[in-house]
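In: compute the structure for the input listed below.
(chains A, B, C and D)
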Number of protein chains: 2
Amino acid sequence: MSTQEPLGTQERLVRSTQELLWERGYVGTSPKAILERAGVGQGSMYHHFSGKSELALAAIRRTAEELKQGAESCLGGPGSAYDRIAAYLLRERRVLRGCPIGRMTQDRDVVRSAELRQPLDELFGWLRGRITEVLAEGQRRGELAAELDPAAGAAAVAAVVQGGYVLARAADDPAPFDAAVQGVLALLAAQCTPGTRTTD
Amino acid sequence: MSTQEPLGTQERLVRSTQELLWERGYVGTSPKAILERAGVGQGSMYHHFSGKSELALAAIRRTAEELKQGAESCLGGPGSAYDRIAAYLLRERRVLRGCPIGRMTQDRDVVRSAELRQPLDELFGWLRGRITEVLAEGQRRGELAAELDPAAGAAAVAAVVQGGYVLARAADDPAPFDAAVQGVLALLAAQCTPGTRTTD
DNA sequence: GTCTATATTCCGATAGAC
DNA sequence: GTCTATCGGAATATAGAC
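Out: This is a model prediction of the structure:
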């Protein structure tokens, strides 16, 4: 279903910006670098976009949407609540690259702009809400202990992923990420009624 | 015990750099901004330091050492293992500012330099090890379930803090940080032998 | 729509006076 | 030790030809 025809100029600009924001952040990404990666001239960019920030907004929105789809494909899958959380946490990731959206929260110009921050807020808000739903559903089905606070548990799960990236990048090694994920999964497993886990 | 005499030029440069790295990151911090905040001329800076990266190294080392002392004052305190972890997690923080060291992991120039990354690696390595010790000690004392994996639990605890900052900054609201902390604390509490918690 | 000039400002560092 | 002057290059954008 993925189209194979050559990409338009505008599309190439957005994709180049997505990559560069991930690699270098907003402050570290120059229009010149975007143009070179996209293989277009300066005039093209300022024809389609008013400048760096508008282009970044398009790129951030696109990336956030992609992450949302990816997370939903795990969290909305089959299996018990634990299994779906585990599927999300154990998903293949290029850990040392970090989270392309989480990274933006460390960029001053992004967080200070209501417009640029909005997609981050929406993505993580959605994510915490979605995990909360999964946990609450697990409780209703009797899979998870009734004492568990779904919203707090969801925040912890989402935080472990984002913090795992930080620890891994500091160590230049994915191991701390994997350890953090195993840690929170083991804690969550202790809340499970026996026989409700497929994973592990 | 804190000295009150006016700070030397070198010291003012280091402290200004610490602040600016926290606020703007490495890429976003210019020598000019450092000089202005420190109230010194350009010549002074290049007299005491070879350039931006050497100054950043001094500032990062200093900040990492300060964070280590602060964490140790919680983790090395009195009480059960759970209490000490809780003291660390519930410590007063200016959440929306984020972690001054965790932030550096999102800075390309920092992570790519072995020298600049080293203090981050050391701090988070120490932190995970220290929390691991606390959890293992709790197990030996019979406070915590023997099934708990101390290293994995420690990684999860450290990750929740770093990820909590990310979620809070995305939302421009400390609430997700607090929720994540409560979430992981509740999961940890479920591993505790009754009567071993002072906190909560 | 896309290109090449050009403008202005800042970055990071060096030179050299005091 | 500290200051000001200066430098080569990059960042971000505008102007205007094609």
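In: contacts and neighbour counts: CA atoms only from here.
Out: Will do.
In: and A:A186, how many residues sit next to it?
Out: Neighbourhood size, A:A186 [other Cα atoms under 10 Å in any protein chain shown]: 18.
In: list the contacts for it?
Out: The contact partners of A:A186, taken as Cα atoms under 8 Å, 6 or more residues apart in numbering or on different chains, are B:L148.
In: please report phi then psi for A:C192.
Out: Backbone geometry at A:C192, expressed as degrees, to the nearest 10, gives phi -90, psi 140.
In: test my guess that it contacts A:A145.
Out: Yes. Between A:C192 and A:A145 there is a contact under Cα atoms under 8 Å: 6.3 Å.
In: low-confidence ranges in chain A?
Out: Applying pLDDT under 70 to chain A flags the ranges A:1-4.
In: what residues does it put near DNA strand D?
Out: Residues of chain A found near DNA strand D (Cα under 7 Å from any atom of the strand) are A:27, A:29-33, A:42-43, A:46, A:50-53.
In: now, of those residues, which are buried?
Out: A:27, A:29, A:31, A:52-53 (16 or more other Cα atoms under 10 Å in any protein chain shown).
In: residue in chain A nearest to DNA strand D?
Out: DNA strand D sits closest to A:S30 of chain A, with a gap of 3.1 Å, by Cα to the nearest atom of the strand.
In: ok, that residue to A:S16 distance?
Out: Plainly put, A:S30 is 11 Å away from A:S16 if you go by Cα to Cα, to the nearest Å.
In: please identify the residues of chain A in proximity to DNA strand C?
Out: A:8-10, A:39-44, A:47-48.
In: in helices, which of those fall?
Out: A:9-10, A:42-44, A:47-48 (DSSP state H).
In: quick check: PyMOL command selecting the buried ones in those.
Out: Of these, the buried ones go into a single PyMOL selection, burial set by 16+ other Cα under 10 Å:
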select buried, chain A and resi 10
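In: which of the ones in helices among the residues of chain A next to DNA strand C sits closest to A:T132?
Out: Checking those against A:T132 with Cα to Cα, the nearest one is A:Q10 at 37.2 Å.
In: now the closest one: closest residue in space that isn't a chain neighbour?
Out: Closest residue to A:Q10 apart from its sequence neighbours, by Cα to Cα, 6 or more residues apart in numbering or on different chains: A:H48 at 6.7 Å.
In: could you measure from that neighbour over to B:V134?
Out: In terms of Cα to Cα, A:H48 sits 56 Å off from B:V134.
In: kindly report the same for A:S53.
Out: Counting by Cα to Cα - A:S53 and B:V134 are separated by 46 Å.
In: distance from stretch A:169-181 to the middle of the chain?
Out: In this view, stretch A:169-181 has its centroid 17 Å away from the chain centroid, taken as Cα atoms, centre = their mean, to the nearest Å.
In: ranges for the helices of chain A?
Out: Read by DSSP H, chain A holds these helices, from start to end of the chain: A:9-24, A:31-38, A:42-48, A:52-75, A:81-90, A:108-112, A:114-140, A:150-171, A:175-189.
In: the fourth one and chain B, any residue contact?
Out: No. In terms of Cα under 8 Å from any Cα of the partner chain, no part of helix A:52-75 sits within range of chain B; the closest distance is 12.3 Å.
In: ditto for the longest one
Out: Yes. Using Cα under 8 Å from any Cα, we find that helix A:114-140 touches chain B at A:117, A:120-121, A:124-125.
In: would you list those residues in TSV and tack on distance to B:R93 and neighbour count?
Out: What follows is the residues of helix A:114-140 next to chain B, written out as TSV (distance: Cα to Cα, whole Å; neighbours: other Cα atoms under 10 Å in any protein chain shown):
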residue	distance to B:R93	neighbour count
A:R117	22	23
A:L120	22	27
A:D121	21	23
A:F124	21	24
A:G125	22	16
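In: from those residues, pick the one nearest DNA strand C.
Out: Nearest to DNA strand C out of these is A:R117 (Cα to the nearest atom of the strand; 22.4 Å).
In: now the closest one, nearest residue through space, not along the chain?
Out: Here the residue nearest A:R117, using Cα to Cα, 6+ apart, is A:V111, at 5.1 Å.
In: residues touching A:G41, list them.
Out: For A:G41, the contacting residues are A:L35, by Cα under 8 Å, 6+ apart.
In: separation between it and A:K32?
Out: Using Cα to Cα, one obtains 9 Å as the distance from A:G41 to A:K32.
In: now A:E147
Out: Using Cα to Cα, A:E147 is found at 54 Å from A:K32.
In: now swap in A:L116 and tell me
Out: 20 Å.
In: what's the answer for A:L127, then?
Out: A:L127 is 34 Å from A:K32, by Cα to Cα.
In: equivalent analysis for A:R84, please.
Out: 42 Å.
In: please apply the same query to A:T17.
Out: Plainly put, A:T17 is 11 Å away from A:K32 if you go by Cα to Cα.
In: and what of A:I131?
Out: With Cα to Cα as the criterion, A:I131 and A:K32 are 40 Å apart.
In: with A:R15 instead?
Out: As judged by Cα to Cα, A:R15 and A:K32 stand 15 Å apart.
In: and what of A:A189?
Out: From A:A189 to A:K32 the distance is 49 Å (Cα to Cα).
In: A:Y26 too?
Out: A:Y26 sits at a distance of 13 Å from A:K32 (criterion: Cα to Cα).
In: ok, A:L188 next?
Out: For A:L188, the distance to A:K32 equals 47 Å [Cα to Cα].
In: next: A:R103.
Out: Counting by Cα to Cα, the gap from A:R103 to A:K32 is 21 Å.
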